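below are the sequence and a predicted model; questions follow.
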Amino acid sequence: MLIGNIVITNPFIQAALAGYTDRAMRMLARKFGCELVFSGVILDKCTSYKPLFERPNYIIKDDEHPIGAQLLGTEPEQMATAAKNMVKTGYDIIDLNFACPAPKVLRKARGGALMAEPQKVLEIFKTVRDAVSCPVMMKLRIGTDDSAQAKENFWYIAENAVKSGVDGIILHGRTVEQRFKGFANWETIKQFKEKFPQTTIIGSGDLFDPADIVDKFKTAGVDGVAVARGAIGKPWIFRQIADVIEGKAEIYKPDLKTQGQIILEHFEMLKELYDARKCIWYFRKFLSKYCTSHNTIKKARREFVAIRDEAHLREIIDRLYGC
């Protein structure tokens, strides 16, 4: 998979997830074979706040390359400035978010709301592309809704972005209006790749099961897939995808003890990013996903919901995972 001048051997990436894809989650994805990871979604205005890049979570280390920054904003010049700031910080790829369906984002006319303004989307892209020398991608949905006008806007954006030299498009197979309801339309993603065969197209949506992910990838004929929610609390999914692609008879599945060790490794990395009190509170949303791979999901979830501090966490891991 080629994104500008960056070659990715495995056809999968860790998608940007606001509030999740910090350094800890990114490094775990790398551990299990994911070569390209993204930061959480970053608002363009925030990149002008210099102290932000002094925080541990925003300091890009040598072991994180290649890494992409996904930007959210509405003004071309401000987005261009943000892109330059991110490249200066150490990011290798800029991804422009025109897909986010979160109500608080849409209320500010950002993210997916911009798909109703194709000219602005293209102006933002061209201004950012001219401002940086690294690859520039964009993330899209298949329209704001199912209306004829929304579909027309979607294809107009895509055609002109490709003509203007976009280095890759991450396409989620739902409309903005759908948010995460229903099922992602991978048939449209397939049609999209067929229409733009020379452009790197990365499919997104409903990527949870390794075998199903590979089936979607092959059927749609895309260059890669962007795993988002499916990697929360399951970083080993990337190794599983690779195993399926390689046709291995036995797909990697960590036993309980190994799962417990991964959870503790994740927590240790979080301690380097956040203070102790926030660390426990923040980690709960990951634990609620990790426990779905436990033999007794409900029991594990009850235990993790009540977690008080690090000692309590370690006691639960020892008891439930045997490590």
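Done, it's in.

please, which helix or strand holds V176?
Assessed by DSSP states H and E, V176 sits outside every helix and strand.

so it sits against A99, correct?
Yes - using C-beta atoms under 8 Å, V176 is in contact with A99, at 7.3 Å. Every C-beta, even on glycine, is put in place using the N, C-alpha and C of the backbone.

now for those two: what residues contact both?
Common neighbours of V176 and A99, counting by C-beta atoms under 8 Å, 6 or more residues apart in numbering, are 111-112, 115, 141.

okay, now the closest residue to G165 other than its chain neighbours: neighbour count?
Excluding its sequence neighbours, the residue lying closest to G165 (C-beta to C-beta, 6 or more residues apart in numbering) is R129, at 6.9 Å. Using other C-beta atoms under 10 Å, R129 is surrounded by 21 other residues.

show me the contacts for R129.
Counted by C-beta under 8 Å, 6+ apart, R129 has contacts 136, 164-166.

with D44 instead?
71-73, 75, 78-79, 81-82.

for it, report the pLDDT, please.
pLDDT, D44: 94.

now do the contacts for the residue nearest to it when sequence neighbours are not counted.
Spatial nearest neighbour of D44, excluding adjacent residues (C-beta to C-beta, 6+ apart): G73 at 3.3 Å. Under the criterion of C-beta under 8 Å, 6+ apart, the contact list for G73 reads 43-45, 79, 82, 110, 124.

if you set the cut-off to 7 Å instead, what comes out?
43-44, 79, 82, 110 (C-beta atoms under 7 Å, 6 or more residues apart in numbering).

of all those residues, which two lie farthest apart?
Farthest pair in these (C-beta to C-beta) is A82 and R110. Separation: 12.5 Å.

please identify which of those two sits among more neighbours.
Neighbours were counted for A82 and for R110 using other C-beta under 10 Å; A82 has more, 26 against 20.

need the nearest residue in space to that one, chain neighbours excluded.
Closest to A82 by C-beta to C-beta, 6+ apart is D44, at 3.8 Å.

the contacts of R129 in strands, which ones?
Those of the contacts of R129 mapping onto strands are V136, per DSSP state E.

mind jotting down where the strands sit in the stretch 101-250 of the chain?
For the stretch 101-250 of the chain, the strands defined by DSSP state E, counting those that start in this stretch cover 136-141, 169-172, 201-204, 224-227.

surely T47 is in contact with N85?
Yes - contact criterion C-beta atoms under 7 Å: T47 and N85 qualify, at 4.1 Å.

who has more neighbours, these two?
Neighbour comparison, T47 and N85: the larger count goes to T47, with 24 against 21 (by other C-beta under 10 Å).

pLDDT value on the more buried one, please?
Reported pLDDT for T47: 90.

please tell me how far it sits from Q70.
Per C-beta to C-beta, to the nearest Å, T47 is found 12 Å from Q70.

likewise for F98?
For F98 relative to Q70 (C-beta to C-beta), the value is 11 Å.

next one: K61
19 Å.

neighbour count winner among those two?
Q70 (27 against 11).

give me the phi and psi angles of that one.
phi -100, psi 120 (degrees, to the nearest 10).

so who does it touch?
Counting by C-beta under 7 Å, 6+ apart, Q70 has contacts 16, 38-39, 41-42, 95, 97, 139.

D95 too?
With C-beta under 7 Å, 6+ apart, D95 has these contacts: 16, 38, 68-70, 137-139, 170.

swap the cut-off to 8 Å and go again
16, 38, 68-71, 136-139, 170.

same question for it, what's its three-state structure.
strand (DSSP: H, G, I helix; E, B strand; the rest coil).

alpha carbons only: can I get stretch 95-107 in CSV?
The C-alpha trace of stretch 95-107 is given here as CSV (Å, rounded to 0.1, in the frame of the first residue of the first chain):
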residue,chain,number,x,y,z
ASP,A,95,-5.3,13.3,7.0
LEU,A,96,-8.2,15.7,6.7
ASN,A,97,-11.3,14.7,8.5
PHE,A,98,-14.5,15.4,6.5
ALA,A,99,-16.3,12.4,7.9
CYS,A,100,-16.8,12.7,11.7
PRO,A,101,-20.6,12.4,12.5
ALA,A,102,-20.4,13.4,16.2
PRO,A,103,-23.2,15.9,16.9
LYS,A,104,-20.8,18.3,18.7
VAL,A,105,-18.6,18.3,15.6
LEU,A,106,-21.5,18.8,13.2
ARG,A,107,-22.9,21.7,15.2
